[in-house]
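Undergrad: make a model of this:
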Amino acid sequence: MNILFVDPPGIQKGPNVGLGYLIGALKAAGHRTEVLDVNNRIDTAEDMLAKARAFGPDLVGYSMKTATYFAAVQIGKTLSDAFPQIPHLVGGPHVTLVYKDMLAELPWITAAAVGEGEDVILEAVAALTAGGDLSGIAGMALRDGQGGVLLTERAFEKELDAFAYPDYGYYIAGGKRISRYPLVTSRGCPYLCTYCCVPTVSGKKWRPRKPEAVIDEIRHAIDTYGVEAFDIIDDNFTLNMRVAHDFCDAYIASGLTLPWECPNGLRADRVTLELARHMEQAHCVQVMLGIESGAQEVFDMMQKGETLEDIRSAVRLFKQAGIRVGGYFIIGLPGDSMDHTLESLEFIAEVGLDYAQFNMLVPYPGTDVWEQFKANEAIFEDYRKGWHFTNEQLEPIFQTERFSAEEMVRAYDLVHTRLGLFHLMIPKDRVKMRKWIQKMKLVWKHDRSKFVERFLEPVAV
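TA: Numbering: from 1, shown residues only. This is a model prediction of the structure:
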């Protein structure tokens with residue numbers, strides 16, 4: 001069967017890990033795949049249709065994050081008009097959260113894959129190849145014909161090594177190079193942070209892979225894509241510190257020396273000096289911590305199950321081990337304000353982070369923050385318009401008594417100006433002179449004492 005996938009445009013570029021796993025599974029089963037990689041290419045509707053018609057799809061699948069929802073819907077309307085007789089399936093984190101709404105709102109969607117999609121897509125393709133339909137497939141949501149939705153939930157796969165390696169051939173074929181390989185060594189999260197939807201999307205049970213299988217995948221990535229580094233993109237790489245030690249042991253024993261990072265945000269309470277040093281010996285060069293706020297009041301409301309002292313300790317341990325350490329922060333959490341955002345800046349200086357990035361809160365359906373904000377009528381825009389981080393579209397879709405939408409934008413600009421992270425505020429497509437002018441306006445407004453210093457820096461941001 002010919003399966004056409006769509007990766008809609010968004011702010012996060014690079015290979016789509018979810019699609020990579022689906023493609024790997026389908027190719028291993030003998031099917032043909034093609035990807036309309038609109039995220040990493042600039043294709044017109046005519047270009048997309050020409051490529052799709054040349055491929056001749058029997059099924060179209062759309063990868064959806066909340067931030068790419070509207071783009072995916074626009075592409076979906078175009079392709080469903082062009083190929084009305086074949087199934088159009090949607091999947092991804094956004095779909096898992098709101099599949100009922102999507103099936104009700106978008107008549108061109110045939111069905112929605114909920115949760116992990118590797119086995120769902122294989123069963124769907126097998127059923128269609130045999131002349132059947134999609135009914136009865138666990139993890140596949142369908143309309144019941146009476147305005148409702150039918151779904152048999154599918155348990156999350158316990159043995160992640162049963163999945164084929166992700167296939168990023170489409171990305172390479174598009175003229176791109178994977179210099180940093182996105183590596184998944186575990187899925188799931190047992191914690192209940194108020195702002196996070198990972199337990200719904202990936203499961204509450206943490207499921208690690210075997211270190212030997214992970215090492216084999218790294219070798220495969222080197223041989224297939226010529227990668228020079230990799231990122232462990234797990235939500236909880238160090239949740240079980242013994243498993244993390246086992247990976248470091250296996251990586252050192254393999255003789256591989258590619259540098260690697262943990263860019264997705266480790267938990268600060270799941271690190272010891274022994275582990276940090278072991279990670280450094282295994283060529284880890286940088287980690288990010290999910291800190292979210294340096295203000296005690298805001299931090300305590302997130303229900304992370306760790307403390308600010310845990311953060312201070314983790315930063316100290318990683319730096320002691322020779323690993324660069326950064327932190328992610330969120331603007332707009334319950335209890336947050338401009339003053340608390342400034343407290344976070346002070347916290348960054350206090351603990352000595354090597355890097356820090358502030359993202360804008362998006363209240364996702366199913367999270368505690370979503371319920372809080374809905375109850376308080378704080379959400380005034382479609383949450384699907386909210387973007388965590390961007391240098392092009394910074395428009396909060398909610399506000400609180402303590403923090404107006406206008407103040408949140410000002411806070412975002414202020415913190416990144418003082419941190420010197422102008423690339424997070426100024427669109428990449430601006431010419432150098434316009435970038436420089438906008439940069440100096442931001443400095444004059446938010447960090448005037450460093451105007452001369454910033455003035456003398458290189459123009460590019």
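
Undergrad: what about the helices in the stretch 1-150 of the chain?
TA: 17-28, 45-55, 69-82, 93-105, 118-129 (DSSP state H, counting those that start in this stretch).

Undergrad: for the second one, packing partners?
TA: Which is helix 45-55. Here helix 45-55 touches strand 2-7, strand 32-37, helix 69-82, going by 3 or more Cβ pairs under 8 Å, 6 or more residues apart in numbering; DSSP states H and E. All C-beta spots, glycine's among them, are computed from the backbone N, C-alpha and C.

Undergrad: out of these, deepest packed?
TA: Mean neighbour count (mean count of other Cβ atoms under 10 Å) peaks for strand 2-7 among these, with a mean of 24.

Undergrad: partner strands of that strand, parallel or antiparallel?
TA: Strand pairing for strand 2-7, using DSSP bridges, gives strand 32-37 (parallel), strand 59-63 (parallel).

Undergrad: tell me what angle it forms with helix 45-55.
TA: 160 degrees (axes from the mean of the first three to the mean of the last three Cα atoms, to 10 degrees).

Undergrad: contact partners of strand 2-7?
TA: If you take Cβ atoms under 8 Å, 6 or more residues apart in numbering as the criterion, strand 2-7 is touched by 16, 19, 22-23, 26, 31-40, 52, 55-63, 72, 75-76, 79, 121, 125.

Undergrad: one step back: I'd like the strands paired with strand 2-7 as CSV, with mean pLDDT and distance to residue 277 appended.
TA: Below are the strands paired with strand 2-7 laid out as CSV (pLDDT from 0 to 100; distance: least, Cβ to Cβ, whole Å):
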stretch, mean pLDDT, distance to residue 277
strand 32-37, 96, 40
strand 59-63, 97, 38
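
Undergrad: run a quick neighbour tally on residue 96.
TA: The tally of other residues near residue 96 (other Cβ atoms under 10 Å) stands at 22.

Undergrad: got a list of what it touches?
TA: Here residue 96 is in contact with 114, 115, 200, 201 (criterion: Cβ under 8 Å, 6+ apart).

Undergrad: pull out the buried residues from the residues you listed.
TA: The neighbour count (16 or more other Cβ atoms under 10 Å) marks 114, 115, 200, 201 as buried among the contacts of residue 96.

Undergrad: for those, give me JSON lines that also has distance to residue 320.
TA: Listed next are the buried ones among the contacts of residue 96 as JSON lines, based on distance: Cβ to Cβ, whole Å:
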{"residue": "114", "distance to residue 320": "44"}
{"residue": "115", "distance to residue 320": "40"}
{"residue": "200", "distance to residue 320": "36"}
{"residue": "201", "distance to residue 320": "34"}
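
Undergrad: between those, which sits nearest residue 150?
TA: Using Cβ to Cβ, residue 114 comes nearest to residue 150 of the buried ones among the contacts of residue 96, at 11.3 Å.

Undergrad: how near is the closest one to residue 436?
TA: 47 Å (Cβ to Cβ, to the nearest Å).

Undergrad: quick one, which of the helices of the stretch 1-150 of the chain gets closest to residue 323.
TA: For these, proximity to residue 323 was assessed by Cβ to Cβ; helix 17-28 is nearest, at 23.7 Å.

Undergrad: show me what the closest one is packed against.
TA: Partner elements for helix 17-28 (3+ Cβ pairs under 8 Å, 6+ apart): strand 2-7, strand 32-37, strand 59-63, helix 118-129, helix 169-173.

Undergrad: closest one to residue 272 among these?
TA: Nearest to residue 272, of the helices and strands packed on helix 17-28 and by Cβ to Cβ, is helix 118-129 at 34.0 Å.

Undergrad: neighbours around residue 378, how many?
TA: Residues lying near residue 378 (other Cβ under 10 Å) number 18.

Undergrad: that one against residue 397, yeah?
TA: No - Residue 378 is beyond contact range of residue 397, at 9.7 Å (criterion: Cβ atoms under 8 Å).

Undergrad: looking at the chain, which residue lies furthest from center?
TA: Note on the chain: the largest C-alpha distance from the chain mean falls to residue 452, namely 36.8 Å (Cα atoms, centre = their mean).

Undergrad: which element, helix or strand, includes that residue?
TA: In this structure, residue 452 sits in helix 451-455 according to DSSP states H and E.

Undergrad: quick one: that helix to chain centroid distance?
TA: Its chain's C-alpha centre and that of helix 451-455 lie 34 Å apart, by Cα atoms, centre = their mean, to the nearest Å.

Undergrad: same question for that helix, mean pLDDT?
TA: The average of the pLDDT scores along helix 451-455 is 89.

Undergrad: tell me what it is packed against?
TA: Using 3+ Cβ pairs under 8 Å, 6+ apart: helix 451-455 touches helix 432-446.

Undergrad: which strands and helices sit next to the helix it packs on?
TA: By 3+ Cβ pairs under 8 Å, 6+ apart, helix 432-446 packs against helix 405-418, helix 451-455.

Undergrad: tell me which of the ones you listed sits most buried.
TA: The most buried stretch of the helices and strands packed on helix 432-446, if neighbours are counted by mean count of other Cβ under 10 Å, is helix 405-418, with a mean of 19.

Undergrad: which residues sit against that one?
TA: Counting by Cβ under 8 Å, 6+ apart, 329, 331-332, 337-338, 341, 344-345, 357-358, 360, 394-396, 398-399, 403, 422, 424-425, 442-443, 445-447 sit against helix 405-418.

Undergrad: in PyMOL, how would I select just the buried ones from these?
TA: Only the buried entries of those go into this PyMOL selection, using 16+ other Cβ under 10 Å:
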select buried, resi 329+331+332+337+338+341+344+345+357+358+360+396+398+399+403+422+424+425+442+443+446+447
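
Undergrad: in helices only, show me the contacts of helix 405-418.
TA: Among the contacts of helix 405-418, DSSP state H puts 338, 341, 344, 345, 442, 443, 445, 446 in helices.

Undergrad: and the last one, how far is that from residue 456?
TA: This points to residue 446. Applying Cβ to Cβ, the value for residue 446 to residue 456 is 18 Å.

Undergrad: domain-wise, how is this protein divided?
TA: For the chain, automatic domain parsing gives the domain ranges 2-150, 177-425.

Undergrad: and the first one, how far out from the chain's middle?
TA: The one in question is domain 2-150. That offset, for domain 2-150, works out to 18 Å (Cα atoms, centre = their mean).
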